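Trainee: no FASTA, just this:
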């Protein structure tokens, strides 16, 4: 398996533009997580899905952020409009919703909003 | 809410020596998982070792071992025979065993290996 695949690896955009980050989880995994990593706040969970259904989106910072999982093999995180403070590394991770499992992370998307 | 604290922002060790990274956590749960993740400059999050709270035996993976003290809510990582490739950020993380499988991370410790 190729692991969790995120795209793009790097994104530079201007303030006010829409940004879409993409994630393909490991085949067969039914839990998907979006994390954000910043120097100030460290790694924090934004949202997670079980069986394509959003379970907890309490970490989504504000209405400018939205996430979807239209099927078991694809998820998006969208920021509209983007702001400089959204600059961060965004990770997607997937796992099996079972007791004894670990989460596998993608390589992250480094987002820079100028 | 669960919290994870890593009190050492930075650590350094001589190559081939042993180093211990500290982690404490707070939870009211009795059953949970604890993890150490490594993040090298490539940014990839790599699972180093995992500990189930219901197991008294400390987990070991080759040169990596943990000291799990459940009553003290302490979970330290020991790296033996440090190698240059061990240089990275190390994150301690907590996860409940039931329900939400989200990870709660500590702030990380940057480990430098001196040749």
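Mentor: That came through fine. What you see is a predicted model; the values in this text were computed from it and never measured. Residues are numbered from 1 along each chain as shown, chains lettered A, B, ... in the order given.
Trainee: Beta-bridge partners for residue A:56, please?
Mentor: residue A:48 (DSSP bridges).
Trainee: thought it was touching residue B:96?
Mentor: No: with contact defined as CB atoms under 8 Å, residue A:56 does not reach residue B:96; the gap is 11.9 Å. Glycine gets a C-beta too; all of them are placed from N, C-alpha and C.
Trainee: any common contacting residues for those two?
Mentor: Counting by CB atoms under 8 Å, 6 or more residues apart in numbering or on different chains, residue A:56 and residue B:96 have no shared contacts at all.
Trainee: Excluding chain neighbours, what is closest to residue A:6?
Mentor: residue A:106 (3.8 Å; CB to CB, 6 or more residues apart in numbering or on different chains).
Trainee: Enumerate the residues of chain A near chain B.
Mentor: By the rule CB under 8 Å from any CB of the partner chain, the part of chain A lying against chain B is A:31, A:33, A:35, A:42-45, A:48, A:55-56, A:89, A:91, A:93, A:95, A:97, A:99-105, A:107-108, A:110.
Trainee: ok, of those residues, which come out buried?
Mentor: Buried residues within the residues of chain A next to chain B, counting neighbours by 16 or more other CB atoms under 10 Å in any protein chain shown: A:31, A:33, A:35, A:42-43, A:45, A:48, A:55-56, A:89, A:91, A:93, A:95, A:102-105, A:107-108, A:110.
Trainee: Go through those residues and flag which are in strands.
Mentor: Under the assignment DSSP state E, those contribute A:31, A:33, A:35, A:42-43, A:45, A:48, A:55-56, A:89, A:91, A:93, A:95, A:104-105, A:110 to strands.
Trainee: For residue B:85, which three-state class applies?
Mentor: helix (DSSP: H, G, I helix; E, B strand; the rest coil).
Trainee: farthest-separated two in the ones in strands among the buried ones among the residues of chain A next to chain B?
Mentor: A:55 and A:110 (26.5 Å; CB to CB).
Trainee: Report the central residue of the chain.
Mentor: Since you didn't name a chain, this refers to chain A. Nearest residue to the geometric centre of chain A (CA atoms, centre = their mean): residue A:34, 3.2 Å.
Trainee: Actually, chain B is the one I wanted.
Mentor: residue B:36 (3.1 Å).
Trainee: Identify the bridge partners of that one.
Mentor: residue B:49, residue B:92.
Trainee: Which residues are in contact with it?
Mentor: So residue B:36 contacts B:21, B:23, B:47-49, B:64, B:66, B:77, B:90-93 (CB under 8 Å, 6+ apart).
Trainee: What sits closest to residue B:73 if chain neighbours are left out?
Mentor: residue B:25 (5.3 Å).
Trainee: What's the local residue count around the residue nearest to residue B:63 when sequence neighbours are not counted?
Mentor: What sits nearest to residue B:63 in space, not counting adjacent residues and going by CB to CB, 6+ apart, is residue B:80, at 4.7 Å. Neighbour count of residue B:80, defined by other CB atoms under 10 Å in any protein chain shown: 15.
Trainee: roughly how far apart are residue B:80 and residue B:86?
Mentor: According to CB to CB, to the nearest Å, residue B:80 and residue B:86 sit 10 Å apart.
Trainee: do residue A:57 as well
Mentor: With CB to CB as the criterion, residue A:57 and residue B:86 are 36 Å apart.
Trainee: For the helix or strand that residue B:66 is a member of, name the packing helices and strands.
Mentor: Following DSSP states H and E, one finds residue B:66 within strand B:64-69. In this structure, strand B:64-69 packs against strand B:32-39, strand B:46-52, strand B:74-79, with contacts taken as 3 or more CB pairs under 8 Å, 6 or more residues apart in numbering or on different chains; DSSP states H and E.
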